[in-house]
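A.B. asks: need coordinates for the following:
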Amino acid sequence: MRHLKTKLAVSLLLLMPSMSWALPSDREQPINIEADHAQMDDQRGVTQYKGRAILTQGTLRIEGDVITFFYDAERNLEKAIAEGNRAYYEQVHKEGETPVKAKALQMEYHTAKQMVYLIGNGHLWQNNDEITGNYIEYDIERDLAIANARTVVIGDTEQPSTGRVHITIQPPGRKPESTVPSAAPPPTEPDPAPLVPAPEQSSEQSYPTGITQTTLNVRTGPGTQYNRIATLSPNTQVVIITRQGEWLQVRGIANEQVVIGWVSSRYVDSQN
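C.D. replies: Residues are numbered from 1 along each chain as shown. Next up, the predicted model:
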């Protein structure tokens with residue numbers, strides 16, 4: 001297991017083989033990733049980037065609080081999973097057209113199938129039309145979306161059904177009134193101290209867990225100088241992603257939304 005700190009953009013031409021993206025010119029571009037922390041497991045063929053992770057290649061952009069890459073025996077990328085409130089996808093599929101954009105609590109990109117799966121509060125913007133649903137399958141090559149409102153499971157958390165699927169179709173030539181999310185990077189914040197990874201995981205999903213002792217602020221970084229993004233209620237179960245000194249990067253539920261951020265370890269009882 002190897003752990004890297006990656007505050008600056010890193011070219012991954014050697015680590016990540018060419019991907020089969022929609023636009024031919026994208027495949028010829030270098031792959032770059034920015035993140036606060038990288039963890040590589042060569043034996044299992046898994047690389048994970050944590051903390052405002054951003055992948056770009058040509059017109060392609062994927063963002064996530066955590067992005068995990070899975071490879072086959074020949075080091076070809078099989079799939080990428082982005083998680084958290086930052087799970088975001090954008091790519092130009094045909095020259096001259098507006099990019100397809102999507103966001104969800106969890107997003108999976110499968111290279112062989114050329115499929116994007118939006119899991120939990122999924123939104124897809126396609127040719128100025130908008131599709132929302134708790135589970136959306138998007139076929140990149142066929143430019144086809146299938147939406148479902150069913151209940152989904154993200155990690156150990158059940159995301160309730162949204163009740164119904166909603167589709168907004170704009171008249172030809174008219175711009176949508178709704179605001180499509182921007183992929184602009186977040187404001188610059190103080191550089192955190194070196195990270196210490198959470199205990200070794202037996203699989204990509206098996207992180208240690210804890211219970212909040214009191215009402216607990218969730219922040220964008222490991223310290224009180226970082227912005228508060230949510231508040232966890234007492235006795236909330238959280239998944240511990242990373243430990244840094246007296247701070248934990250956790251995933252939990254706040255106001256019925258999955259949130260990933262930093263909390264003080266003094267107010268979290270570890271369960272394992």
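
A.B. asks: use CA for all of it now, contacts and neighbours both
C.D. replies: OK.

A.B. asks: what about the helices in the stretch 51-200 of the chain?
C.D. replies: With DSSP state H, counting those that start in this stretch applied, the stretch 51-200 of the chain shows no helices anywhere along its length.

A.B. asks: where does it have low pLDDT?
C.D. replies: For the stretch 51-200 of the chain, applying pLDDT under 70 flags the ranges 86, 162, 170-200.

A.B. asks: and Ile81, bridged to which residues?
C.D. replies: Thr68, Glu108 (DSSP bridges).

A.B. asks: from Gln106, how far out is it?
C.D. replies: Noted for Ile81: a distance of 7 Å to Gln106, by CA to CA, to the nearest Å.

A.B. asks: who has more neighbours, those two?
C.D. replies: When neighbours are counted by other CA atoms under 10 Å, Gln106 comes out ahead of the other of Ile81 and Gln106, with 27 against 21.

A.B. asks: for the more buried one, give me its contacts.
C.D. replies: Residues near Gln106 by CA atoms under 8 Å, 6 or more residues apart in numbering: Ile81, Ala82, Glu83, Gly84, Ala87, Leu118, Ile119, Gly120, Ile154.

A.B. asks: now do the contacts for the fourth one.
C.D. replies: Spelled out, it's Gly84. If you count contacts by CA under 8 Å, 6+ apart, Gly84 has them with Gly64, Asp65, Val66, Ala104, Leu105, Gln106, Val258, Val259, Ile260.

A.B. asks: the second one touches His37, doesn't it?
C.D. replies: This points to Asp65. No: the pair Asp65 / His37 is not scored as a contact, 10.7 Å apart, by CA atoms under 8 Å.

A.B. asks: related to what we said a few turns ago, now the contacts of Gly84 in JSON lines, please, with extra columns for distance to Glu141.
C.D. replies: As requested, the contacts of Gly84 are exported to JSON lines (distance: CA to CA, whole Å):
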{"residue": "Gly64", "distance to Glu141": "23"}
{"residue": "Asp65", "distance to Glu141": "27"}
{"residue": "Val66", "distance to Glu141": "26"}
{"residue": "Ala104", "distance to Glu141": "20"}
{"residue": "Leu105", "distance to Glu141": "23"}
{"residue": "Gln106", "distance to Glu141": "21"}
{"residue": "Val258", "distance to Glu141": "30"}
{"residue": "Val259", "distance to Glu141": "32"}
{"residue": "Ile260", "distance to Glu141": "32"}
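
A.B. asks: quick one on the thing from earlier: now list the buried members of the contacts of Gln106.
C.D. replies: Taking 16 or more other CA atoms under 10 Å as the criterion, what is buried in these is Ile81, Ala82, Glu83, Gly84, Ala87, Leu118, Ile119, Gly120.

A.B. asks: distance to Thr236 added to those, as JSON lines?
C.D. replies: Shown next, in JSON lines, are the buried ones among the contacts of Gln106 (distance: CA to CA, whole Å):
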{"residue": "Ile81", "distance to Thr236": "25"}
{"residue": "Ala82", "distance to Thr236": "23"}
{"residue": "Glu83", "distance to Thr236": "19"}
{"residue": "Gly84", "distance to Thr236": "17"}
{"residue": "Ala87", "distance to Thr236": "23"}
{"residue": "Leu118", "distance to Thr236": "25"}
{"residue": "Ile119", "distance to Thr236": "22"}
{"residue": "Gly120", "distance to Thr236": "20"}
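
A.B. asks: quick check: closest non-adjacent residue to Glu130.
C.D. replies: Leaving aside its sequence neighbours, Glu130 sits nearest to Thr168 (CA to CA, 6 or more residues apart in numbering; 5.1 Å).
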